[in-house]
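[1] mind folding the following:
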Amino acid sequence: MKSWLLGLLLPFALVQDKTYTVGEVMRNARRLHNDSTTVQLIGYFTKKLNNNNYVFEDRTAEIHVNVPPKFLPERPLSDREAVTIKVWVEYEMDKPITLTVNQPIN
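    Next up is the predicted model:
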């Protein structure tokens, strides 16, 4: 009975997104880019750079994030309110690491 229940619940445990820090994303950018996986981060949008580009930071580092307008929340982003973003990591040799939001911001 226990093994049946474990087999039933195990796939749900594996589906949960791991939350990364900006520092972890920067250290593992090559692997995360090659995996084509969605990465979850919790932090703050601290500055708007231009049309769709923002500076996102947490306690470990800051990084540039491209936010397509369709994924922006209804109310304006605030640097005082923590948000959860789900992004793709864009990594190229000799270029800064950037993130692109691929799901609505919470």
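
[2] and the helices in this protein, which stretches?
    With helices called from DSSP state H, the chain shows them at 2-15, 22-27, 29-35.

[3] which strands and helices sit next to the shortest one?
    I take that to be helix 22-27. strand 39-48, strand 62-66 (3 or more C-beta pairs under 8 Å, 6 or more residues apart in numbering; DSSP states H and E). No exception for glycine: its C-beta is placed from N, CA and C like everyone else's.

[4] deepest-packed of those, please.
    When you average the neighbours per residue for each of the helices and strands packed on helix 22-27 (mean count of other C-beta atoms under 10 Å), strand 62-66 leads with a mean of 19.

[5] list of residues touching it?
    Defining contact as C-beta atoms under 8 Å, 6 or more residues apart in numbering, one finds that strand 62-66 is touched by 22, 25-26, 45-46, 49, 52-57, 85, 87, 96-101.

[6] kindly check the end-to-end length of stretch 23-34 for me.
    Distance between the two ends of stretch 23-34: 18 Å, counting by C-alpha to C-alpha, to the nearest Å.

[7] report the buried residues of that stretch.
    Along stretch 23-34, these residues count as buried under the neighbour rule (16 or more other C-beta atoms under 10 Å): E24, V25, M26, A29, L32, H33.

[8] pull the number of nearby residues for the residue nearest to the fourth one when sequence neighbours are not counted.
    Using C-beta to C-beta, 6 or more residues apart in numbering and skipping the chain neighbours, the partner closest in space to A29 is Y91 (4.2 Å). Under the neighbour criterion other C-beta atoms under 10 Å, Y91 is assigned a count of 17.

[9] pretty sure Y91 is in contact with R30, am I right?
    Yes: between Y91 and R30 a contact is recorded at 5.6 Å, counting by C-beta atoms under 8 Å.

[10] tell me who's in contact with P73.
    Going by C-beta under 8 Å, 6+ apart, P73 touches V83, P104, I105, N106.
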